[in-house]
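S.K.: Pasting the sequence and the predicted model now:
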Amino acid sequence: MKYSKESRLLAFISEAGMLKRVRRSGWWVLGIKDVESVADHCFRCGVIGYVLARMERVPPYKVLLMTLFNDIHEARINDLHKMAQRYIEFQSAEDKAFREQIQDMPPVLENELTAMRKEYVRQKSKEAIVARDADILECLIQAREYYENGYKEALKFTKKAPRYLKTKSAKRLWLQVRNVRLNEWWQRLSDFAR
C-alpha cells in the first residue's frame, strides 16, 4: 500500500508524540518516581539550546533542530540508561531507528534531518557543540531539581557530567545552577502575590 506524502508526515508527527510517554530511564534507576518524559527533556533542551546559541553568538536554527530531534529515535527504542548502554550497541540502534523513521519523509526533510544528525554526532561544528551542551546542561538542571525535591541520589549525576560541557556559556550557567536554589524564581513571585 502506497502512502501519501501527508500521511507519511502525520505518521512521523504521531510517532514524535510517543516521546510524551517515554520516560527518562536514568532517573528511575535512582528511584525517582514520576520522572520526566523524553519530550519534556527535548523541550527544555530546545530552550537551553536557544539561550546558549545566543550567548555563544551561534545562529540558533541548527541548534534548535538538533535539540528538538536529537532523541526522536527513542520513540522506537526507548530511553537507554547507562547500565543498558553497557550491554547494547546503542549508537547503531539509534542510527538505525532514526534512518527508518525518516526514510519515507519528503526528500527535503529527510536530507535536512540526515545532515543534522550527522553534524550532531560528529561534534565538529559550533552548533553541534552548543546543542550537546544544551543536552548535558538540561540533565544537570534536572538533577539539581530532583535533588532540591528530596532525591539525594540525583546529585551523583552532577559529579561527572559537568566535565563534558565545552562552551564557556554552558559552564557559566552550570556554575549558577550549583549556587542557587532553582525554585527561588517562583517563590519570589508567590511572596508578592496578594
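M.R.: Noted; the coordinates are in hand.
S.K.: what comes up buried for stretch 104-122?
M.R.: Across stretch 104-122, burial judged by 16 or more other CB atoms under 10 Å covers Met105, Leu113, Met116, Arg117, Glu119, Tyr120, Val121. Bear in mind the C-beta positions are built from the backbone N, C-alpha and C, glycine included.
S.K.: for those residues, which one is nearest Gln187?
M.R.: Tyr120 (36.4 Å; CB to CB).
S.K.: Do a quick rundown of the helices in this protein.
M.R.: 5-17, 25-29, 38-55, 60-69, 74-77, 82-87, 90-102, 107-122, 126-148, 157-160, 168-179, 184-191 (DSSP state H).
S.K.: Redo those as a markdown table? Include mean pLDDT.
M.R.: Formatted as a markdown table, the helices of the chain follow (pLDDT from 0 to 100):
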| stretch | mean pLDDT |
| --- | --- |
| helix 5-17 | 91 |
| helix 25-29 | 89 |
| helix 38-55 | 98 |
| helix 60-69 | 97 |
| helix 74-77 | 95 |
| helix 82-87 | 83 |
| helix 90-102 | 93 |
| helix 107-122 | 96 |
| helix 126-148 | 97 |
| helix 157-160 | 92 |
| helix 168-179 | 95 |
| helix 184-191 | 77 |
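S.K.: got a list of what Arg39 touches?
M.R.: Just so we're on the same page, residue 39 is Ala rather than Arg. Gly17, Leu19, Lys20, Val22 (CB atoms under 8 Å, 6 or more residues apart in numbering).
S.K.: Make a markdown table from these and add distance to Glu74 and neighbour count to it.
M.R.: Output for the contacts of Ala39, formatted as a markdown table (distance: CB to CB, whole Å; neighbours: other CB atoms under 10 Å):
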| residue | distance to Glu74 | neighbour count |
| --- | --- | --- |
| Gly17 | 12 | 11 |
| Leu19 | 6 | 20 |
| Lys20 | 11 | 12 |
| Val22 | 5 | 18 |
